[in-house]
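Q: Fold the following and give me the result.
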Amino acid sequence: MPSQPLIPLNIDLPANQGINSEAYAGGLTAAWAQTADNCVFDAFGRLCAREAFKKTTTTPITGNPSMDTLFEYVVNTATTNIISVSAEPKIYSGTGTLTDRTGSLSFTETHWKFQNYESEVVGFAQGEDPIYWDGSAASFDTLHSKHAAYATSTAYVLGDTVKAVASPTTDRYFVCTIAGTSAGSEPTWATTEGATTTDNTVTWTTVPMPKGRECLSAYGRVFALREDRTTIDYSALAFPHKFDTTNGGGTIDTKLIFARNDDWVTSIATFNNNLVIFSRFNTLIYTGINDPDNLAIVDQIVGTGCVARDSVKNIGSDLVFLSFQGLRSLGRTVELEKVPLQELSLYIRDELINEVRGNLPSPTNDTAIKAEYSPELGIYVLKVGDLVYCFDFKQSYDVREGFTPPRATTWSEINIQSIALARDGTLYLAKSGVIGTYSGYNEWGLLGGAYVDNKEYKLEYRSAWVDMGEIDPSLRSRVKFVKKYNAYFLGGTGYSVDFTLGYDFKDYLHRRTKVLSVSSGDEWSQGEWGIAEWSGDTEKRFSMVQHGGSGDTIQLGLDVNIQGAGFCVSRIILYIKLGRLARGSTT
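A: This next block holds a predicted model:
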């Protein structure tokens, strides 16, 4: 009896739609994954190994403290500085050499929000004095220090500001609201906001310094949240330290607008030349940000807000933020004159929401959540606790014509603590007392109790559970035996690849291992996915293993330890042998 020919099942671009944790157990094709860890997609939709944390700091900070804040300070068109805040707590500048810029500052909160303001950088943190640095001084200083020290027997004009000298405080400053000449001795200052102090012929009005955790630099002003989390102060034009109305500053009281009494501001952003104020349960959109004295609400989204300050990122013409309903998009449809919300984490929604809730230890503590968007790589990177989600936006979409949610993968083992995008496109990462970049395939990390520069990390892929009869209807009525598992790869210098197969939702995995042939190297450089520079010595590899097992529903898998070279999966072919009629078949 002649042998039965093997039937090929072709799967091009496996997992090219990303993870679907909502329905991976049935009804999906091999275009979806249950697991795609330490993965990204290239411009052609191929599942590839993510790049690594490449250390740039020569000498790590003693004790390898957590690096809780990362930001690029743009001094001018030619000069930038990477600013970081460690858990020591200290503030540093630089990447190769970390220079201590803390100076005389004393603070305990290490999750700061920094903003570029003209040629300076300003920073705010909950309960801390707002700070600034001009790039030339040896260290940061308080914004309060910009106010002049009070002087006796001095002529003051309307709008002059001073700070107390005899009883110094950084909580408030005083603005001249009636011009005149000061007395021969310093007065006893009023401490209540808006209260006045008579000083010979001068009248001073007390103004508090905002000490909240959120700020925004826009349209020549600084918008800063107060410590009460509901009041926003905005500064005078060109004066980031003056928040009084005399000089053109002012206040936005959100308590009068929020639909819930237990709500507070979580983030402030700009979108389509509007001011967006996020609370936990609401989103307020104001027009007139260039003239904040005349702000007007143009839209209010009740019931959907932002739960994590650092999740808010501008993505071209869109704004992305993390809510209790998952990752959302604030896309504006001008023709309809309304703001529709789009669900970005549609296919991993429940999983992501559970991770978010597990990493919000209290309603006001969102410090475990960080994010950044890289337009060059086309990815939005969201850190939630120890896990990183990567949302791929390279698939184009138009909110006016229809919306395509981004593909999602996860990054484990990278263990970053903060992340920032530089003006030149470099994605900076920070952890354990060092600054690094997202580049190459040699990871810096902890191995065997010591930090090494070449720690391997595992690419892990598991497809959704797929009915082989759905791939090829001719197979539906027969028992299927997988005899060969073939795959086409790019890169992978000498890598050992585990080919796994699962059948009919059983826990047992059939696993076969194959070592790929060694090439002379790979030319996968950061940021070159868009023009597909898989060239030079990067080899296209075909690999085949004999496999086993049988069933109707199958789960494909690959495990590869990444260390030194890129790796990409372009195609999988299974060769099937048909057995008897499946039980219950009517064919």
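Q: how about the helices in the stretch 301-450 of the chain?
A: Applying DSSP state H, counting those that start in this stretch to the stretch 301-450 of the chain gives helices spanning 349-358.
Q: Tell me where the model's unsure across it.
A: Within the stretch 301-450 of the chain, the segments meeting pLDDT under 70 span 332-341, 396-403.
Q: Name the residues that touch stretch 302-309?
A: Residues outside stretch 302-309 that contact it (CB atoms under 8 Å, 6 or more residues apart in numbering): 113, 213-214, 259, 263, 266-267, 278-283, 312, 321-325, 328, 341, 356, 360, 366, 369, 371. Using the backbone N, CA and C atoms, a C-beta is placed for each residue, glycine as well.
Q: What's the end-to-end length of stretch 376-391?
A: 14 Å (CA to CA, to the nearest Å).
Q: and what of stretch 440-449?
A: 23 Å.
Q: Identify the residues contacting it?
A: 49, 51-55, 413-415, 432, 434, 436, 451-457, 524, 526, 562-566.
Q: Buried residues in that stretch, which are they?
A: 440-445 (16 or more other CB atoms under 10 Å).
Q: I'd like to know which of the contacts of stretch 302-309 are part of strands.
A: Among the contacts of stretch 302-309, the members found in strands (DSSP state E) are 113, 266-267, 278-279, 282-283, 321-323, 328, 341, 369, 371.
Q: and the buried residues of stretch 440-449 as TSV, adding distance to Arg478?
A: Listed next are these as TSV, based on distance: CB to CB, whole Å:
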residue	distance to Arg478
Gly440	47
Tyr441	42
Asn442	47
Glu443	45
Trp444	51
Gly445	48
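Q: on that earlier part again, selecting buried members of the ones in strands among the contacts of stretch 302-309 in PyMOL, what would you type?
A: In PyMOL syntax, the buried subset of those is picked out as below (16+ other CB under 10 Å):
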select buried, resi 113+266+267+278+279+282+283+321+322+323+328+369+371
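Q: what's the farthest-apart pair in the ones in strands among the contacts of stretch 302-309?
A: Spatial extent of the ones in strands among the contacts of stretch 302-309 (CB to CB) is set by the pair Lys113 and Leu341 at 24.1 Å.
Q: start to end distance for stretch 175-183?
A: Start-to-end, stretch 175-183 (CA to CA) is 16 Å.
Q: can you give me how far that stretch is from the chain middle?
A: Its chain's C-alpha centre and that of stretch 175-183 lie 48 Å apart, by CA atoms, centre = their mean, to the nearest Å.
Q: and Leu216, how many neighbours?
A: When counting by other CB atoms under 10 Å, one arrives at 24 neighbours for Leu216.
Q: Buried residues in the one helix or strand it maps to, which are they?
A: With elements taken from DSSP states H and E, the one containing Leu216 is strand 215-218. Judged by neighbour count (16+ other CB under 10 Å), strand 215-218 contains these buried residues: 215-218.
Q: Can you pull the poorly scored residue ranges out of the stretch 451-587 of the chain?
A: 470-472, 474-475, 518-539, 580-587.
Q: Break this protein down into its structural domains.
A: Domain segmentation of the chain under automatic domain parsing yields 7-51+463-581, 145-208.
Q: Could I get those domains in a markdown table, plus columns for distance to Ser317 and mean neighbour count?
A: A markdown table is the format used below for these (distance: least, CB to CB, whole Å; neighbours: other CB atoms under 10 Å):
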| stretch | distance to Ser317 | mean neighbour count |
| --- | --- | --- |
| domain 7-51+463-581 | 19 | 18 |
| domain 145-208 | 36 | 16 |
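Q: Phe271: which of those is closest?
A: Smallest distance to Phe271 across the domains of the chain (CB to CB): 25.8 Å, for domain 7-51+463-581.
Q: Kindly tell me how buried Asp134 is, as a neighbour count.
A: Neighbour number of Asp134 under other CB under 10 Å is 13.
Q: roughly how far apart are it and Gly548?
A: Distance, Asp134 to Gly548, using CB to CB, to the nearest Å: 68 Å.
Q: With distance to Ala296 as extra columns, can I get the ones in strands among the contacts of stretch 302-309 in JSON lines?
A: Formatted as JSON lines, the ones in strands among the contacts of stretch 302-309 follow (distance: CB to CB, whole Å):
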{"residue": "Lys113", "distance to Ala296": "26"}
{"residue": "Thr266", "distance to Ala296": "22"}
{"residue": "Ser267", "distance to Ala296": "20"}
{"residue": "Phe278", "distance to Ala296": "18"}
{"residue": "Ser279", "distance to Ala296": "18"}
{"residue": "Asn282", "distance to Ala296": "17"}
{"residue": "Thr283", "distance to Ala296": "16"}
{"residue": "Phe321", "distance to Ala296": "22"}
{"residue": "Leu322", "distance to Ala296": "27"}
{"residue": "Ser323", "distance to Ala296": "24"}
{"residue": "Arg328", "distance to Ala296": "24"}
{"residue": "Leu341", "distance to Ala296": "21"}
{"residue": "Ile369", "distance to Ala296": "31"}
{"residue": "Ala371", "distance to Ala296": "30"}
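Q: OK, contacts around the spatially most central residue of the chain?
A: Nearest residue to the geometric centre of the chain (CA atoms, centre = their mean): Ala371, 1.1 Å. Ala371 makes contact with 308, 310-313, 320, 322, 380-383, 419, according to CB under 8 Å, 6+ apart.
Q: ok, which stretches of the chain are helices?
A: In the chain, the segments counted as helices under DSSP state H are 349-358, 468-471.
Q: So which of the ones you listed is nearest Leu574?
A: Each of those has some distance to Leu574 by CB to CB; the shortest is helix 468-471, at 8.1 Å.
Q: what distance separates the start and the end of stretch 132-140?
A: 6 Å.
Q: so how far is it off the chain centroid?
A: 27 Å.
Q: Pull out the buried residues from it.
A: Neighbour-count burial for stretch 132-140, with 16+ other CB under 10 Å as criterion, is recorded at 132-133, 140.
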